[in-house]
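Student: my questions are about this predicted structure, shown below with the sequence.
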Amino acid sequence: MPIRRVVTGLSPEGRSTFVIDDQTPRSLSWKPGDEPNLAWVWNTESLPSVPHDNSDPTPALVDFFPKPNGSRFMIETFPPGFGVENVEALSQTMFEVMDAGGIRVQMDKSEGGDHATSTIDYGVVVSGQIWLVLDDGVETELNPGDCIVQTGVSHAWQNRGTTPATVAFVIIGANRTAPVDGAPPS
């Protein structure tokens, strides 16, 4: 599914204008020939200034997760069975696809798809159902319109349904002040 993105900025006369109206410039599919599973709408590498300079930072994206004060706006579609079946193989495939696409992924990984990042993640379920599972096994089912605030703790995503689940995320880079699963703060 192509994702249209509309970005505003300033004209040479200093008036509000649309500077971008096109499809997202970066996307990846977990399987060749499939619709994109991950599309980056926008990103910043540091605390942004406004108004923006009308350039597009998204094609130059290198790191999946932003450093402190950086951000990512992305749409992710989790196929049926994501995080439930063949978790280790799926994780390996995801890392290989991202690496081949020039995207570095740095996070604390553990068993069964659990991971923690030094980010605050804001999400809203756009379609389908997705389960958010915490490291102690506590979980919750999320449906369209449900919002998530993920605060850098260990978690996993599972799509136990029969249809894809799409979630829009805004990810903000943060400073880690407490260890996750015994790992030192990063």
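Tutor: Received the coordinates, thanks. Numbering: from 1, shown residues only.
Student: show me where the protein has strands.
Tutor: 4-10, 16-23, 26-28, 38-44, 71-78, 108-109, 115-116, 119-127, 130-134, 139-142, 147-150, 155-158, 165-173 (DSSP state E).
Student: pipe these into CSV and attach mean pLDDT and distance to Val84 per row.
Tutor: Heads up, the C-betas are built off the backbone N, CA and C, glycines and all. Listed next are the strands of the chain as CSV, based on pLDDT from 0 to 100; distance: least, Cβ to Cβ, whole Å:
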stretch, mean pLDDT, distance to Val84
strand 4-10, 95, 31
strand 16-23, 95, 30
strand 26-28, 90, 21
strand 38-44, 94, 19
strand 71-78, 95, 10
strand 108-109, 60, 18
strand 115-116, 81, 16
strand 119-127, 96, 17
strand 130-134, 95, 9
strand 139-142, 96, 12
strand 147-150, 96, 19
strand 155-158, 91, 5
strand 165-173, 96, 12
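Student: tell me which of those approaches Glu85 most closely.
Tutor: Closest of those to Glu85 is strand 155-158, at 9.6 Å (criterion: Cβ to Cβ).
Student: related to what we said a few turns ago, need the strands of the chain in a markdown table with distance to Ala60, can you?
Tutor: As requested, these are exported to a markdown table (distance: least, Cβ to Cβ, whole Å):
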| stretch | distance to Ala60 |
| --- | --- |
| strand 4-10 | 15 |
| strand 16-23 | 14 |
| strand 26-28 | 9 |
| strand 38-44 | 9 |
| strand 71-78 | 13 |
| strand 108-109 | 26 |
| strand 115-116 | 25 |
| strand 119-127 | 19 |
| strand 130-134 | 29 |
| strand 139-142 | 32 |
| strand 147-150 | 25 |
| strand 155-158 | 27 |
| strand 165-173 | 16 |
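Student: tell me what Val170 is bridged to.
Tutor: Beta bridges link Val170 to Phe73, Tyr122 when assigned by DSSP bridges.
Student: wait, it touches Cys147, no?
Tutor: No: using Cβ atoms under 8 Å, Val170 is not in contact with Cys147, being 10.9 Å away.
Student: so what sits against both of these two?
Tutor: Both Val170 and Cys147 are contacted by 122-123, under the criterion Cβ atoms under 8 Å, 6 or more residues apart in numbering.
Student: count of residues packed around Asp21?
Tutor: 10 (other Cβ atoms under 10 Å).
Student: the residue nearest to it when sequence neighbours are not counted and Asp22: what is the separation?
Tutor: The shortest distance from Asp21 to any non-neighbouring residue, by Cβ to Cβ, 6 or more residues apart in numbering, is to Val6 (5.1 Å). Val6 sits 9 Å away from Asp22, going by Cβ to Cβ, to the nearest Å.
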